[in-house]
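Novice: 3D model of this:
(one chain, ligands or ions: 1)
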Amino acid sequence: MIGLISATAAGAAARNRLAAAWPDRTRVYEGPVGDAVRAAFAECEQLVCFLATGAVVRLVAPLLEGKAADPGVVCVDEGGRFAVSLLGGHGGGANELAAEVGRLLGAEPVVTTATDSAGLAGLDTLGLPVEGDVAGVSRALLDGEPVVLDAEVAWPLPALPVLPRAGGEEAQGACVIRVTDRAVEPRAHEVVLRPPSLVVGVGASRGVAAEEVLGLVEGALREAGLSARSVDRLATVDAKSGEPGLITAAERLGVPLVTYSAQELAGVTVPNPSRAPLDAVGTPSVAEAAALAGGGELLVPKRKSERADGAPAMATCAVVRRPVRGRLAVVGLGPGARDLLTPRAEAELRRVSVLVGLDQYVDQIRDLLRPGTRILESGLGAEEERARTAVAEARAGHAVALIGSGDAGVYAMASPALAEASDDIDVVGVPGVTAALAAGAVLGAPLGHDHVSISLSDLHTPWEVIERRVRAAAEADLVVTFYNPRSRGRDWQLPKALAILAGHREPGTPVGVVRNASRRDESSRLTTLAGLDPATVDMMTVVTVGNTATREIAGRMVTPRGYRWQDTRPEEAR
Ligand code: SAH
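Specialist: Below you'll find the predicted structure:
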């Protein structure tokens, strides 16, 4: 809950706007400001105070407990010009809240957390449990001092300006970011990040106590030198999905309980199959098979719980380090203008450590990348190599973005990349505004009815195929947007395609030519099938040809939807 506190009329007005926009997230605290702040501080995860920062500092100072416990606090000034993240920037989520409040009120978010201001990923915002000297290592990153990344377990982290570990010859006293699931204590000047890399398979007899399961799991991890903070899930067989002891154990470990069918588990090869589970639930292994079901390396083979009274064990467990899943984001950058790049695309670009793309597209977004992002750019042509590189980097466990203009799935990198990719990586698609859509918006509403895009590049597609598709579009009376319409060495295809369309459409059919849509040197022309001069068309252009219903209306290209507005007035009123 977000507590809202204000003192003046202007503050109350801004407060009411937040309360109205977020009815379920906010609670208004009325009454004397001091009491209101104290009550909200105790009851809410976050506060937005429409008060001077000084007043809020004095009021909350005696209440502060520590980063982990204190709520995030944002202050908004009387004029509603600034949303200041005052307290709990990361842990309390105040930096994000300041941005959200800023968007809502039209205020400038003010964030002073050093890593955020410098565009670095905060070590405590990576979504992984973190231990050790976060402040010291963050300062070293900010000051540009050498920081060594020691990743025993590869994990798709965002970019960090670090040196890879070089055969133990790290600079004396250099800070270290260690990524490991081992039960190590962070050393001085070291931060330990805990990737969720461990899967614990568990088997249980009916009625098992949660304590017995927890004792078994914790003992197994301890003896193997593994950290419980890296456990991602408990896994078992479907038949045990309702077993209270397992459910409680998973809750206490703070992880989900995942289940598999006996049939799936029976298909997993394990080192220690046995008779008992086969008779009971229909698979020769539960703990080992459930742990290994997603692949990975068996670190702790099946072991049984020990009970003080010597009674038969009621639980078994096995621990597996699951294979790293890198992350490949296929990101469309839009047609060129920065404000046509989606917020999701921007967030994805700031989430990766490796960027793969054509050099001219990399230039388009270079300023958005976090310091330390590894950029693998290449020139025109090398599509397959780019796709292969991106997939290989993701397979190695990195967070990768493969970028393309417009939508990266339209005449672009998504298909060659996904044709290469097996199911051992996570793939995330971020759609973009395509050239056809951007051009359509410039021209008017040419795509108001059924339409098709056709690329005239016969580099990868034989001309006969292209021609067959143009003919089909002509016969079906589809609006057509031609991509890759004409280049210096490829100049006869566009006139030929237009001639095919002209066989089915009037010479006066509207044709829109848009060059560099949304870019600084955007230009557009509305002409006709008969009037189009192919020399005005190049590879920075799309050409949109109307169907038989498309009209030029007030200088705009409009394709009717094909329906009539219904007149709902009574007969006599028409
Ligand atoms: N993935 C892109 C298309 C890549 S194919 C998309 O979704 O838009 C390259 C062709 O797209 C160019 O030859 C040109 O025809 C067209 N194109 C790309 N961006 C453009 C823009 N800003 N203005 C006009 N045409 C553009």
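Novice: residue contacts, whichever residue of the stretch 301-450 of the chain sits closest to the ligand?
Specialist: For the stretch 301-450 of the chain, the residue closest to the ligand is residue 406, as judged by CB to the nearest ligand atom, at 2.1 Å. Heads up, the C-betas are built off the backbone N, CA and C, glycines and all. Shown in contact with residue 406 (CB atoms under 8 Å, 6 or more residues apart in numbering): 332, 333, 334, 335, 412, 432, 433, 434, 435, 438.
Novice: These also near the ligand: which ones?
Specialist: 335, 412, 434, 435, 438 (CB under 6 Å from any ligand atom).
Novice: I'd say the second one and residue 404 touch.
Specialist: The reference is to residue 412. Yes. The criterion here is CB atoms under 8 Å, and residue 412 meets it with residue 404 at 3.7 Å.
Novice: Quick check: the farthest pair among the ones next to the ligand among the contacts of residue 406?
Specialist: Within those, 412 and 438 form the most distant pair, 14.6 Å apart (CB to CB).
Novice: How about the particular helix or strand that has residue 140 in it, which residues are buried there?
Specialist: Using DSSP states H and E, residue 140 falls within helix 134-142. With burial defined by 16 or more other CB atoms under 10 Å, the residues of helix 134-142 counted as buried are 134, 137, 138, 140, 141.
Novice: So what's the gap between the next helix or strand after it and the chain middle?
Specialist: Per DSSP H and E, the first helix or strand lying C-terminal to helix 134-142 is strand 147-151. Distance of strand 147-151 from its chain centroid, counting by CA atoms, centre = their mean, to the nearest Å, is 24 Å.
Novice: measure the residue most central in space within the chain to residue 365 for me?
Specialist: Central residue of the chain (CA atoms, centre = their mean): residue 348, 5.0 Å from the mean position. Per CB to CB, to the nearest Å, residue 348 is found 11 Å from residue 365.
Novice: Tell me what the closest residue to residue 241 other than its chain neighbours is bridged to.
Specialist: Spatial nearest neighbour of residue 241, excluding adjacent residues (CB to CB, 6 or more residues apart in numbering): residue 259 at 4.6 Å. Note on residue 259: beta-bridge partners residue 236, judged by DSSP bridges.
Novice: start at 24 instead
Specialist: Happy to do that; since the first residue is 24 now, the last one works out to residue 282.
Novice: so how many other residues sit close to residue 282?
Specialist: Here the count is done by other CB atoms under 10 Å, and residue 282 has 20 residues near it.
Novice: Would you check that it makes contact with residue 258?
Specialist: Yes. Using CB under 8 Å, residue 282 is in contact with residue 258, at 7.2 Å.
Novice: list residues touching both of these two?
Specialist: With CB under 8 Å, 6+ apart as the test, residue 282 and residue 258 both reach residue 313.
Novice: if we can go back for a sec, quick one, which of the ones next to the ligand among the contacts of residue 429 has the minimum pLDDT?
Specialist: Note: of those, the lowest pLDDT belongs to residue 435, at 92.
Novice: quick one, phi psi at it?
Specialist: Backbone dihedrals for residue 435, given as degrees, to the nearest 10, come out at phi -150, psi -150.
Novice: next one: residue 300
Specialist: Dihedral angles (degrees, to the nearest 10) for residue 300: phi -70, psi -30.
Novice: The one 10 residues further on too?
Specialist: Backbone torsions for residue 310, taken as degrees, to the nearest 10, come to phi -60, psi -50.
Novice: ends of stretch 176-184, how far apart?
Specialist: Criterion CA to CA, to the nearest Å; first-to-last residue distance in stretch 176-184 is 18 Å.
Novice: I'd like to check what contacts that stretch. Which residues are they?
Specialist: Contacts of stretch 176-184 (CB under 8 Å, 6+ apart): 143-144, 149, 151, 164, 167, 170, 172, 200, 202-204, 216, 218, 220, 344, 347-350, 373-376, 392-397, 417, 419-423.
Novice: how far does it sit from the chain's center?
Specialist: 15 Å.
Novice: Double-check that residue 462 belongs to a helix.
Specialist: Yes. Assignment of residue 462 by DSSP: H, G, I helix; E, B strand; the rest coil places it within a helix.
Novice: Ends of stretch 358-366, what's the gap?
Specialist: This stretch, stretch 358-366, spans 15 Å end to end (CA to CA).
Novice: residues in contact with it?
Specialist: Contacts for stretch 358-366 (CB under 8 Å, 6+ apart): 355-357, 387-388, 428-429, 453-458, 461, 539-542.
Novice: and the angle for the helix holding residue 163 with strand 170-174?
Specialist: Per axes from the mean of the first three to the mean of the last three CA atoms, to 10 degrees, the angle that helix 157-165 makes with strand 170-174 is 110 degrees.
Novice: gap between helix 157-165 and the chain center?
Specialist: For helix 157-165, the distance to the chain centre is 25 Å (CA atoms, centre = their mean).
Novice: for it, packing partners?
Specialist: The contact analysis (3 or more CB pairs under 8 Å, 6 or more residues apart in numbering; DSSP states H and E) places helix 157-165 against helix 137-140, strand 170-174, strand 198-202, strand 213-216.
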